[in-house]
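J.: Okay, here's the prediction I keep looking at, along with the sequence it came from:
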Amino acid sequence: MLSATVARQTMNRIKPGIASTFIVSILLAPRAGIGAELGTRQQTVRPVAIATNTPAIPPKDVADYAVYGYSAWQWGPGEDEGRLFLTPAESTSAPNAARLLSFFSISDVHITDKESPAQIPIFGWSAPFHAGALFSSAYSPIVLSTTHVLDAAVKTINALHGLTPFDFGVCLGDVANNTQYNELRWFIDVMDGQRITPSSGTNAGADTIGYQMPYQAAGLNRSIPWYQVIGNHDQFWAGAAYPSDKIRRTVVGGEVLNMSPNPIATNASEGSGMYVGVIDGTTPYGNLIDGGPTSYFLTPPTVAADPNRRCLTTAFSSTTNYMGEFFHTASLPAGHGFTPDNIASNSACYTFEPTTNLPLKVIVLDDMAKTNLPNAGASYGASGSIDAARYAWLTNELQKGQDAGQLMILACHIPINPQADLFATNSAPQFTYSAITCQTDAQLIATLHNYPNLMLLMAGHRHGSTVTPQPSPDPAHPENGFWEVETPSLREFPQQFRIWEILRNTDKTISIKTTDVDPAVQPGTPAGNSRDYAIGAARIFGSVAPDDTTPHTFNAELVKTLTPAMQNVIAGYGGAPGHHVAIQANGTGAVIHFVGKLQSADAVLGPWSDVTTTSPYEVSAPAAKFYRAVE
C-alpha cells in the first residue's frame with residue numbers, strides 16, 4: 001500500500017492520452033482546492049421549459065421567478081462540437097501529440113456597486129415582461145451578487161488547476177460595471193483573496209442579508225499569473241458614454257442621479273425627469289428605492305456619499321487610473337500586464353510571453369473608443385474603435401511576432417467582425433462609428449490575415465460563446481486563417497468562463513481546444529441564487545425563449561494550419577496531453593477528481609475496468625485499488 005506522499009507523486013506522472021495511474025488508500029491526505037469537473041463537456045446547466053400559459057411577470061418581482069418556474073434549471077448532458085476546421089481542405093483526424101499551453105479566460109464580470117447613486121437600475125426594474133436585453137443590462141437581480149459569482153469562478157479555476165495546471169489567465173474586460181474605483185477594487189481584491197465587503201455607503205444589510213455580508217474571498221492560486229484587458233464599462237458611464245462632470249460629481253455625492261427618462265437619448269445623463277434609484281440592501285430580493293419620475297418626489301432622494309465610488313475615468317484619461325490600480329495587488333505579475341510605460345503613454349496595449357519554453361506571445365489590444373463625443377449616439381462608447389496610433393502598434397507587434405517565429409494570440413474586449421451569434425453566420429460589425437475608428441471590421445480582418453502565425457483572436461463584450469471562423473481569403477494559403485472565440489459573461493446566463501488548451505497534432509497542425517465552464521456554486525448561497533436569477537432574468541427580459549432548454553455553451557477543438565516554417569519551429573515543443581488526477585481524503589475513504597473516464601484495477605498493469613464518467617467519484621472501501629482516467 002502506497003503512502004500518501006508516494007501516491008501524490010505517482011498521481012503527477014502524466015502519460016499521453018491517459019491520465020495518471022494511482023492507488024487510493026485511507027492514508028491519503030486532503031488536497032485543497034480540488035472539486036471541479038472539466039467544464040461543460042461533462043455536464044451542462046439547462047433551463048427547464050416553461051409552459052406557454054405561465055403568467056408573465058415583471059423583472060422586479062424577483063420572489064416570483066421561482067414560483068412560476070422562470071429560474072428553474074437542471075443538469076443535462078455535456079456539449080462537444082468536436083473538431084472544426086477553417087476550410088474543408090484542412091480537415092484532419094491526426095491525434096494530439098503534445099500540449100503546448102493551458103490557460104483560462106474570464107470576461108464581463110460587471111462588478112456592480114448596487115448602492116451607487118449613478119447606476120441606472122430604474123430602467124430595468126420598471127421594465128415590462130420581455131422588455132429586451134438592453135433593459136436587463138440596466139438591472140436584473142444578478143447585480144446583488146457579482147463579487148460572489150467571481151469568487152465562485154476563482155474557486156473553480158483553482159480546482160481545475162489541480163487537474164490541468166494553467167500557465168496563465170486573462171480577463172477580457174468589463175470588470176467594473178460603471179467605471180467606479182470601488183468596483184475595480186472589489187474585482188482585484190477577489191482575485192487577490194482579500195476580505196470583501198460587497199456594499200457601499202452605509203453597508204445596509206451587512207449583518208442580516210446574505211448578499212450584503214462581508215466574506216473572505218478564496219483568491220486565485222498564486223502560481224497562476226493573470227493579465228487584464230480594458231473594456232467599455234471600465235471606462236464609460238453605463239458602458240456607453242464618457243463620464244461628464246455631472247456624473248463624476250454625482251457618483252461620489254449623496255444625491256441620486258436625475259437624468260433623461262429615455263436612457264438611449266443623446267446626452268441622456270445630462271437630462272432630467274427620472275431619478276435612477278438604488279438597491280435597498282436590507283431587503284432579501286434587493287428592492288429598488290429612490291427611483292422614478294421626478295414628479296414623484298418633493299425633494300431629491302439621497303444616499304450616503306462614498307468617496308470610494310469615484311470615477312476611474314477623468315476629463316483627461318479613460319485608462320490611466322484604471323491601469324494604475326493593477327499595481328496595487330498581492331497577485332502576480334505586478335501590473336497584470338500593464339507597465340509604467342503604459343501609464344506614461346496612456347495606452348492600455350501591451351504584449352506578454354506566458355512561458356519561456358514556447359515561442360508564443362499574446363498581444364493585448366485596447367480596441368475601445370477614447371474620444372469624448374458628447375453629441376454622439378448613446379452607445380458609441382460600446383462600439384469598437386482603433387485609432388492610427390493603436391493600428392500602427394498592432395501591425396508592428398504582429399510583424400515582430402511573425403519575424404521572430406512566434407505563434408500569436410490577440411486578446412481584446414470587442415470582437416472584430418464576428419458572426420451574429422452561435423449559429424447565425426451573418427457578420428455583425430462592431431467598428432461602426434467612423435468618427436472614432438480609423439479601421440472598419442472588414443479592414444481589420446484583412447490586416448490580420450497578413451500574419452499566418454496568428455492563430456486565435458479572443459474577445460468578450462457580447463456576453464456569449466460565439467465561435468467565428470476567419471478562414472484565409474487565399475485558398476492556396478490556408479495558414480492565413482485564424483479563429484475568433486468569444487468568452488461569455490459571468491454576469492448573465494450562462495454565467496461561464498472559458499478554459500483553453502493549445503495542442504500540437506501529429507500532422508503538424510495546431511488544435512485550440514476551448515471549453516465553457518460553469519462556476520461551482522452551492523444552492524441558497526449568493527452565487528447559487530445568482531445562477532437562478534440569471535436564468536429567470538434571461539426569460540423574463542426575453543433573451544431566452546420559454547421552450548429553450550439549451551445550455552448556450554459551445555465547446556470545440558479548432559484546427560489551425562501552420563506555415564512549414566512554424567511547423568518546424570514547434571516540432572519539439574510541448575508536454576503530454578493527458579490530465580492530472582486529484583484525490584481528497586473523505587472520512588475513511590477518498591474522493592477522486594478526474595477528466596474523461598475513470599477505470600480501476602487490482603494491479604497497476606490491469607486488467608482495467610470502467611468505473612464511471614462522472615467526476616468526482618467517492619471511494620468508500622478501505623482496501624487498496626488502482627485507478628486511472630483515460631480520455
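T.: All right, it came through fine.
J.: who touches stretch 305-315?
T.: Stretch 305-315 is contacted from outside by 113, 115-116, 118, 176, 179-182, 184-185, 200-201, 234-237, 242-243, 245, 247-248, 251-254, 318, 320-322, 325, using C-beta atoms under 8 Å, 6 or more residues apart in numbering. For glycine as for every other residue, the C-beta is placed from the backbone atoms N, C-alpha and C.
J.: Off-centre distance for it?
T.: 25 Å (C-alpha atoms, centre = their mean, to the nearest Å).
J.: If we go by neighbour counts, what in that stretch is buried?
T.: Within stretch 305-315, the residues scored as buried using 16 or more other C-beta atoms under 10 Å are 306, 309-313.
J.: got CSV for these, with secondary structure too?
T.: Formatted as CSV, these follow (DSSP: H, G, I helix; E, B strand; the rest coil):
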residue, secondary structure
D306, coil
R309, helix
R310, coil
C311, strand
L312, coil
T313, coil
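J.: one step back: weed out the non-buried ones from the contacts of stretch 305-315.
T.: 113, 115-116, 118, 176, 179-182, 184-185, 200-201, 234-237, 242-243, 247-248, 251-253, 318, 320-322, 325.
J.: Give me the subset of these that lies in strands.
T.: With strands defined by DSSP state E, no entry of those lies inside them.
J.: what about the strands in the stretch 401-550 of the chain?
T.: Residue ranges of the strands in the stretch 401-550 of the chain, as given by DSSP state E, counting those that start in this stretch, are 407-412, 454-459, 467-470, 482-486, 497-505, 510-517.
J.: Same list, those, but as TSV with mean neighbour count please.
T.: Formatted as TSV, the strands of the stretch 401-550 of the chain follow (neighbours: other C-beta atoms under 10 Å):
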stretch	mean neighbour count
strand 407-412	24
strand 454-459	25
strand 467-470	20
strand 482-486	25
strand 497-505	23
strand 510-517	23
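J.: With distance to V45 as extra columns, can I get those in a markdown table?
T.: Shown next, in a markdown table, are the strands of the stretch 401-550 of the chain (distance: least, C-beta to C-beta, whole Å):
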| stretch | distance to V45 |
| --- | --- |
| strand 407-412 | 26 |
| strand 454-459 | 23 |
| strand 467-470 | 19 |
| strand 482-486 | 18 |
| strand 497-505 | 13 |
| strand 510-517 | 10 |
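J.: on that earlier part again, list the ones among the contacts of stretch 305-315 that fall in helices.
T.: In this view, these that belong to helices under DSSP state H are 181-182, 184-185, 245, 247-248, 251-252, 320-322, 325.
J.: Give me the below-cutoff pLDDT ranges for this protein.
T.: Scanning the chain for pLDDT under 70 picks out the ranges 1-38, 579-580, 621-623, 631.
J.: ok, now with 90
T.: Regions of the chain meeting the criterion pLDDT under 90 cover residues 1-39, 42, 52, 162-163, 370-380, 423, 434-435, 576-631.
J.: Helices of that one, start to end?
T.: Counting by DSSP H, the helices of the chain are 4-11, 64-67, 122-125, 133-138, 146-161, 181-192, 245-252, 320-325, 340-345, 388-403, 441-448, 526-540, 564-569.
J.: So for V581, which of these sits nearest?
T.: Among the helices of the chain, helix 4-11 comes nearest to V581, with 5.6 Å by C-beta to C-beta.
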